[in-house]
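>>> sequence-free structure coming up:
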């Protein structure tokens, strides 16, 4: 062997040795130095983490009747991620499953597709990575067949799960107040947020109403289970387990019997109005205690909340949200923004007295008045001569308040009426309206609420700024020589930053641009009835743990005290008692046993351009020691005395058990104590009260 060949051979030996040393070092690192990390990875391959869902808390009424509860049912779910990996994809499995569930293949595939902007209901709105429930109440036979024939149904499970149920005690169905549940979205169930949110793959999440407002408390906390699996993926045992913590129960101040009466009263009033040629599509009723608890909240039209269970069809979805059907999913008690009509005159009276227009003076009630070049008429054109504030409220004289508003307008910084900035000062009458809670959210414990409108100079500035440059579209209803409303439209369009005396005048009787929600009106009348304390209304009363312990009491907070003297409030309350006995509501309450329960109230009829009149009635009782407020608002229905007032009377009948009705609550008083939940889950009514059917 020559020298050159020998050198090459030595080089090969060196390279081979280096490679052996390198491989040996790497093997030593993997097997010895890093053995613990690979041991952990191996253990992870032999175990699986399983989320154990918590049972969602119930929603109860004031005596413990279940408004929303959970029952158990056999639920069949489909894991589309598993099915997508099967030979032929998901289609063969779904074709075998559909007849077993008694549904068509098309229906089943619709239920398992993901919801997008272009995909109509039914579809799956939750995470694509979680099993999709396709049938929420199968028989034992179907469940066993699914579990025993996993080769035929891979990725399909059948297991007992909690299912939402709506018992409707006493016929009460406050569906819009309760809200609804939908599957957790992908954003809510992503792995990185799971430790924080506590969502499991089968969680339903509150989307509106109390279900959304108290979602965290109702949902509880999920548990975890670590199971061992073999090479085939079969579970062989449980390694460790953390038990779920079930959600708290929410006790509300809703009284099911009064709620049912309010729903029936609304439905009857709407039917009566329609029989007389009107076309109301929405309505609302609110019953509140004078300390801020919502006793009933009815919204018309209503709907069956179980429609959300097990998937919803496109027709059902369109009906819930469609304007032609009245959008039943919307809570019109908190979202409806309608003109209050003459029920607003209580704030105008308070504003007048605060500005020096005394309670002992008399005021002229002519058939019409001219303000700012426009003619404002008293409803029905009666000339009723001189009268007090009390008589003006009892007879609902419009011209007294037109002239009052105009006088206050003329003496309240008229130089600021050419509104050039949002900092323009608020006039005295509008300050009073704002102080009563109008034009702002009440703070009710619901996620959906509108603020209504109090047309101030600042409001006018933004309204004009937002619309003045939109061209003739904003002016299309305006007519310089048309009706008063058309003239206002014309003025608003062409020089809409000028605060006109006519705007102040029309607002004083709750018309024009004024709008309130039924809940705002009830809250304001509760403040009038209780002596001036404005509360932030609450529907929740308490959260109770699964063990029966009170976790949190929920009390209405005091917002403010009305800037009105106690003597003025007393004067207005006495006047409203006269409305029922000798005024505009006397006909609606004819024959009512006022000697047993004295009811005070105010009618409102709001004329809205392009629509029929809105009917409003706001009331409280008993007159000398008010406990409750009842308000009904029905737009596009007719006069307040003809439609809303009889509906309110029907609700009072139910509360106190008058005129052949069974009393909703003992002695006309809702319970002050909470229902009790025992360790076994039994729900006991407060002492002296019984639960409904």
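Thanks, I have it. It should be emphasised that the depicted structure is a prediction, and the values quoted were computed from it without experimental measurement.

>>> Quick one: the strands in the stretch 451-600 of the chain, in order.
533-536, 540-544, 550-553, 557-561, 600-606 (DSSP state E, counting those that start in this stretch).

>>> Deepest in the core, which of those is it.
strand 600-606 (a mean of 29; mean count of other Cβ atoms under 10 Å). C-betas here are computed from N, CA, C, even on glycine.

>>> Each with direction, which strands does that strand pair with?
According to DSSP bridges, strand 600-606 forms sheet pairs with strand 614-621 (antiparallel).

>>> which is the next helix or strand following the partner strand?
The helix or strand immediately downstream of strand 614-621 is strand 628-634, counting by DSSP states H and E.

>>> Off-centre distance for that following strand?
Relative to the centre of its chain, strand 628-634 is centred 18 Å away, using Cα atoms, centre = their mean, to the nearest Å.

>>> Now that strand: average pLDDT?
For strand 628-634, the mean pLDDT works out to 97.

>>> Tell me the helices and strands packed up against the next helix or strand after it.
Moving toward the C-terminus from strand 628-634, the next helix or strand (DSSP H and E) is helix 644-656. Helix 644-656 is packed against helix 256-275, strand 283-289, strand 600-606, strand 614-621, strand 628-634, with contacts defined by 3 or more Cβ pairs under 8 Å, 6 or more residues apart in numbering; DSSP states H and E.

>>> Including distance to residue 333, could these go into CSV?
Below are these laid out as CSV (distance: least, Cβ to Cβ, whole Å):
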stretch, distance to residue 333
helix 256-275, 10
strand 283-289, 4
strand 600-606, 16
strand 614-621, 13
strand 628-634, 9
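
>>> sorry, back to before: is it possible to export the strands of the stretch 451-600 of the chain to a markdown table including mean pLDDT and distance to residue 73?
Converted to a markdown table, the strands of the stretch 451-600 of the chain look like this (pLDDT from 0 to 100; distance: least, Cβ to Cβ, whole Å):
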| stretch | mean pLDDT | distance to residue 73 |
| --- | --- | --- |
| strand 533-536 | 98 | 39 |
| strand 540-544 | 97 | 25 |
| strand 550-553 | 96 | 28 |
| strand 557-561 | 97 | 40 |
| strand 600-606 | 95 | 47 |
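
>>> you'd agree residue 447 is up against residue 214?
No. Counting by Cβ atoms under 8 Å, residue 447 stays clear of residue 214, with 10.1 Å between them.

>>> So between these two, which is more surrounded?
In terms of neighbours (other Cβ atoms under 10 Å), residue 214 is the more surrounded of residue 447 and residue 214; the figures are 23 against 16.

>>> Next, the contact list for the more buried one, please.
Residues in contact with residue 214 (Cβ atoms under 8 Å, 6 or more residues apart in numbering) are 206, 250, 445, 540, 543.

>>> List the contacts of stretch 328-335.
For stretch 328-335, the external contacting residues (Cβ under 8 Å, 6+ apart) are 175-177, 180, 208-209, 282-286, 297-303, 319-321, 336, 442, 444, 446, 448-450, 517-519.

>>> Kindly recompute the last result at 7 Å.
Contacts to stretch 328-335, defined as Cβ atoms under 7 Å, 6 or more residues apart in numbering, come from residues 176-177, 282-284, 286, 297, 299, 301-303, 320-321, 444, 446, 448-450, 517-519.

>>> Return the distance of the closest residue to residue 323 other than its chain neighbours relative to residue 612.
In space, and not counting its chain neighbours, residue 323 is closest to residue 281: 7.8 Å by Cβ to Cβ, 6 or more residues apart in numbering. To residue 612, residue 281 is 11 Å away according to Cβ to Cβ, to the nearest Å.

>>> Could you name every residue contacting both of the two?
residue 636.

>>> The strands of the stretch 451-600 of the chain: which one's closest to residue 111?
Among the strands of the stretch 451-600 of the chain, strand 540-544 comes nearest to residue 111, with 33.7 Å by Cβ to Cβ.

>>> thinking again about what came up before, run a quick check on the residue nearest to residue 323 versus residue 324, I expect a contact.
No. With contact defined as Cβ atoms under 7 Å, residue 281 does not count as touching residue 324 (8.2 Å).

>>> Could you check which of these two has the larger neighbour count?
residue 281 (18 against 8).

>>> For the more buried one, which three-state class applies?
What DSSP: H, G, I helix; E, B strand; the rest coil gives for residue 281 is coil.

>>> Equivalent analysis for residue 97, please.
When classified by three-state DSSP, residue 97 comes out as helix.

>>> if I pick it, what's in contact with it?
Applying Cβ under 7 Å, 6+ apart, we find residue 97 in contact with 108, 153, 156.

>>> can you check residue 273 too?
Under the criterion of Cβ under 7 Å, 6+ apart, the neighbours of residue 273 are 280, 634, 637-638, 643.

>>> Try it again at 6 Å.
For residue 273, the contacting residues are 280, 637-638, 643, by Cβ atoms under 6 Å, 6 or more residues apart in numbering.

>>> same check, this time on residue 172
Residues near residue 172 by Cβ under 6 Å, 6+ apart: 256, 259-260.

>>> Now tabulate these in CSV and tack on pLDDT, distance to residue 577 and neighbour count.
Below are the contacts of residue 172 laid out as CSV (pLDDT from 0 to 100; distance: Cβ to Cβ, whole Å; neighbours: other Cβ atoms under 10 Å):
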residue, pLDDT, distance to residue 577, neighbour count
256, 96, 30, 28
259, 97, 27, 30
260, 96, 28, 22
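
>>> Quickly name whichever of these is closest to residue 686.
Looking across the contacts of residue 172 and measuring by Cβ to Cβ, the closest to residue 686 is residue 256, at 14.0 Å.

>>> Let me know whether that closest one touches residue 64 as I believe.
No. Using Cβ atoms under 6 Å, residue 256 is not in contact with residue 64; the gap is 10.1 Å.

>>> before we move on, back to that, the helices and strands packed on helix 644-656: which one's closest to residue 549?
Checking these against residue 549 by Cβ to Cβ gives helix 256-275 as the closest, at 24.3 Å.

>>> lowest-confidence helix or strand of this structure?
Between all helices and strands in the chain, the lowest mean by mean pLDDT, DSSP states H and E belongs to helix 194-197, at a mean of 43.

>>> Go ahead and confirm the residue nearest to residue 323 touches residue 326.
Yes. Residue 281 lies in contact with residue 326 (Cβ under 6 Å); the separation is 4.2 Å.

>>> By neighbour count, which bits of stretch 240-256 are buried? Give me those.
For stretch 240-256, the neighbour count (16 or more other Cβ atoms under 10 Å) marks 244-256 as buried.

>>> Now the two most distant members of those.
Greatest spacing in the buried residues of stretch 240-256, by Cβ to Cβ: 244 and 255 (32.2 Å).

>>> about what we covered before: got a winner among the contacts of residue 273 for most neighbours?
If you count neighbours using other Cβ under 10 Å, the busiest of those is residue 637, which has 29 neighbours.
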